[in-house]
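# coords below, sequence missing:
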């Protein structure tokens, strides 16, 4: 029968779909059982509720399976009807069917794989995050797993789209009817379970039914890729930042636009310093890796020495847990929240942006950025290229080999031309900076360096001595997942990568001293964000906005600036206005931060932060010793007293409702102000992003 038609009648088609469904249900059950983050492993719900969650996931899986199966069957029948029938037609049907199933299985497998490592399934925002640079993601994250998923999905597609239809055709009616009956009964049972689960989570006064709230939260987040996708689709229409309250009792500053040439004219009216300005950003730099911040070992001796000669801000925060939001803030003094969902920087944005080097360029400075990172990531290059950089070198446009390119010149050319390059070795980036600096005359310069060797998986050259971790590992460090019993080893590997970055910073400082430029140079050192080692259940960064990721060093060394330590609240938006302040320049109205050296300390000042990634959708505020985190996906607040609980282990949200309400009101107002501004080009033409005054 298969020789004459792949899909000869409705019954074999339906039987094949049913049998494929049985295989997929078994796979779904295995994922629920063996992946430790799944709903089956939740301690918050009884076993019966967990089975109801599985029933809902299978019910949605049933819908997807039958939609794809019906489409393939219909397509096969249509091809047979409108094209000449024969072996060629059969192979076309098989190829198309297998390809569709293969792609569906890749997405399915990738979603479970992402969940295994990060606790989040693939949804719309994940595609937005990954699609522009998938090769770079695989380079950083899981190239081996990605290849395995593609291969296993291919084998699965052959089973589902070829082997199963063959088996059904060969066994004809002897097995078709019993299989259809039993499968139909199972589908009905799962559908009833899904309905009971819905009633369980929605019945009665849901706000006062803890079990119902927990069930709904788990269903939407950890109950399988289909439940996650369905919940995201439903919530997409109901959740909107425009519904956030705007508390008009807060003082809000709205500042008119100021052309850079007008600013330069004002700046020239008063004497100011023509110091060189150097901004050094270290990837994933936790504050506790430095002696000045309580580190118990000498990981970065060059930075420790510099800190002893500089002003050290002990309570400093980044604005985001992920690089594409975090690294632009010190240059712009603008909060990175621009959308209710993940944001990529467009070419020629409608909103104004005045970066620190735009101001310095207008005052006669030479300007440059040298980054070991690929600044095409999420369109960061679009934001940074304002027309006022004399040199902008990063991994995507450098002629030097990157990690991704090493050893394959042909692949190197393709990776560079397609903007999918990996990262530069920091030694190469420093060499690029030397070449540019040595070509300058006596003009003052601004240069920003972005170091990347401390990005996971923490690569360092084989000739660099390791002081902390082993040269070879018997396990794999993935972006957001590694064996929890290997935490100390991973921390040591991480420390070695920081030590290598420190050696390159030391090279850079020595070069400035050798060229007699050090004494006339202002230096700022910070981390784009920190790094987590399962302190709150996750590893790496781009996830929850806890302090192990959000607290970063901020070290400022300037000619004549007295060394010391300050406990005042500081954040990345303060870096640009602090630079202009130290140089004796007027503050630019674009800046949303403050000059840390000229503004009196305010105990009621707030720091704001955001994460919008596949791993987390969170917003946070630190104010008066408390930290509030709002998890948008879980729709819950977490409150911590940072003075008594610096490790953020005790959630006070349930016992301190007044503080939660006060901080949430301010946080929601900040979110609304930011989103409303960036969604209104008319306002952008007349003023800068608003400031929520403390």
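Sure, I can see it. Quick caveat: nothing in here was measured; it's all calculated off a predicted structure. Numbering: from 1, shown residues only.
# looking at this, residue 450 is in a strand?
Yes: secondary structure of residue 450 (DSSP: H, G, I helix; E, B strand; the rest coil): part of a strand.
# so who does the spatially closest residue to it that is not a sequence neighbour touch?
Setting aside the residues directly before and after it, residue 450 is nearest to residue 371 in space (Cβ to Cβ, 6 or more residues apart in numbering), at 3.7 Å. Where C-beta positions appear, they are placed from N, C-alpha and C, glycine not excepted. Going by Cβ atoms under 8 Å, 6 or more residues apart in numbering, residue 371 touches 393, 394, 395, 424, 429, 448, 449, 450, 452.
# swap in 10 Å and give it another go.
Residue 371 makes contacts with 281, 327, 380-381, 384, 392-398, 423-424, 429, 432, 448-452, as judged by Cβ atoms under 10 Å, 6 or more residues apart in numbering.
# phi, psi of it?
Phi and psi for residue 371, reported as degrees, to the nearest 10, are phi -130, psi 130.
# what's the separation between it and residue 509?
From residue 371 over to residue 509 the distance is 18 Å, taken as Cβ to Cβ, to the nearest Å.
# of the contacts of residue 371, which belong to strands?
Within these, residues falling in strands by DSSP state E are 281, 392, 393, 448, 449, 450, 451.
# in which helix or strand does residue 669 reside?
Element membership for residue 669, per DSSP states H and E: helix 657-678.
# distance between that helix and the chain's centre?
The chain centroid and the centroid of helix 657-678 are separated by 22 Å, computed with Cα atoms, centre = their mean, to the nearest Å.
# quick one: average pLDDT of that helix?
Averaged over helix 657-678, pLDDT sits at 96.
# how about stretch 498-505?
98.
# helix or strand right after the helix holding residue 669?
helix 681-684.
# quick one, strands of the stretch 351-500 of the chain?
In the stretch 351-500 of the chain, the strands defined using DSSP state E, counting those that start in this stretch lie at 366-371, 391-393, 445-451.
# before we move on, the earlier item: buried ones among the contacts of residue 371?
Among these, those classed as buried by neighbour count (16 or more other Cβ atoms under 10 Å) are 281, 327, 380-381, 384, 392-396, 398, 423-424, 429, 432, 448-452.
# low-confidence ranges in the protein?
Applying pLDDT under 70 to the chain picks out residues 1-12, 76-77, 79-90, 124-144, 171-176, 202-213, 235-243, 402-422.
# tell me the buried residues in the longest helix along the chain?
Determined from DSSP state H, the single longest helix within the chain is helix 164-202. The neighbour-count check on helix 164-202 (16+ other Cβ under 10 Å) flags 164-165, 168-169, 176, 179-180, 183, 186-187, 190-191, 193-194, 196-197, 200-201 as buried.
# just stretch 424-441 next, same as before
Residues of stretch 424-441 classed as buried by neighbour count (16+ other Cβ under 10 Å): 424-430, 432-434, 436-437, 440.
# try stretch 633-652
For stretch 633-652, burial by neighbour count (16+ other Cβ under 10 Å) applies to 633, 634, 637, 638, 639, 640, 642, 648, 652.
# report the distance from that stretch to the chain centre.
For stretch 633-652, the distance from its own C-alpha centre to the chain's C-alpha centre is 21 Å (Cα atoms, centre = their mean).
# swap in stretch 48-58?
Chain-centre distance of stretch 48-58: 30 Å, with Cα atoms, centre = their mean.
# now swap in stretch 452-467 and tell me
22 Å.
# can you map out the helices along the stretch 501-650 of the chain?
547-550, 575-582 (DSSP state H, counting those that start in this stretch).
# secondary structure element holding residue 270?
Using DSSP H and E, no helix or strand contains residue 270.
# my guess is it contacts residue 583. True?
No: at 11.0 Å, residue 270 does not count as touching residue 583 under the criterion of Cβ atoms under 10 Å.
# comparing those two, which residue is more hemmed in?
Remark: of residue 270 and residue 583, residue 583 carries more neighbours, 19 against 9, as counted by other Cβ atoms under 10 Å.
# and the longest helix of the chain, what does it pack onto?
Judged by 3 or more Cβ pairs under 10 Å, 6 or more residues apart in numbering; DSSP states H and E, helix 164-202 is in contact with helix 10-34, helix 47-82, helix 87-118, helix 210-221.
# run the last query once more with 8 Å
Contact here means 3 or more Cβ pairs under 8 Å, 6 or more residues apart in numbering; DSSP states H and E; on that basis helix 164-202 packs against helix 10-34, helix 47-82, helix 210-221.
# would TSV of the ones you listed with mean neighbour count be doable?
What follows is the helices and strands packed on helix 164-202, written out as TSV (neighbours: other Cβ atoms under 10 Å):
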stretch	mean neighbour count
helix 10-34	18
helix 47-82	18
helix 210-221	19
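# now these as TSV including distance to residue 666?
TSV is the format used below for these (distance: least, Cβ to Cβ, whole Å):
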stretch	distance to residue 666
helix 10-34	40
helix 47-82	36
helix 210-221	25
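# what's the closest of these to residue 147?
Comparison of the helices and strands packed on helix 164-202 against residue 147 by Cβ to Cβ identifies helix 10-34 as nearest, at 19.2 Å.
# ok, now which ones touch residue 580?
Contacts for residue 580 were tallied using Cβ under 8 Å, 6+ apart; they are 356, 359, 586, 587, 588, 595.
# list the buried residues of stretch 298-311.
For stretch 298-311, by 16+ other Cβ under 10 Å, it's 299, 300, 302, 303, 304, 306, 307, 310, 311.
# do the same with stretch 270-281
For stretch 270-281, a neighbour-count test (16+ other Cβ under 10 Å) marks 273, 275, 276, 277, 278, 279, 280, 281 as buried.
# backbone phi and psi for residue 691, please?
For residue 691, the backbone dihedrals (degrees, to the nearest 10) come out as phi -110, psi 130.
# er, residue 305 actually
Main-chain torsions, residue 305, degrees, to the nearest 10: phi -70, psi -40.
# look up how far residue 557 lies from it.
11 Å.
# thinking again about what came up before, what comes up buried for the helix holding residue 669?
Residues 659-660, 662-675, 677-678 are the ones in helix 657-678 that count as buried (16+ other Cβ under 10 Å).
# ok, and what's touching that helix?
Residues outside helix 657-678 that contact it (Cβ under 8 Å, 6+ apart) are 241-242, 244-247, 250, 252, 335, 337-340, 351, 606, 608, 619-621, 623, 626, 628, 630, 637, 639, 652-653, 683-684, 689-690, 692.
# of those, grab the buried ones for PyMOL.
To isolate the buried members of these in PyMOL, using 16+ other Cβ under 10 Å:
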select buried, resi 241+244+335+337+338+340+351+606+608+619+620+621+623+626+628+630+637+639+652+653+683+684+689+690+692
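# was I right about residue 633 contacting residue 220?
Yes: counting by Cβ atoms under 8 Å, residue 220 is a contact partner of residue 633 at 7.4 Å.
# overlap in contacts, these two.
The contact sets of residue 633 and residue 220 do not overlap (Cβ under 8 Å, 6+ apart).
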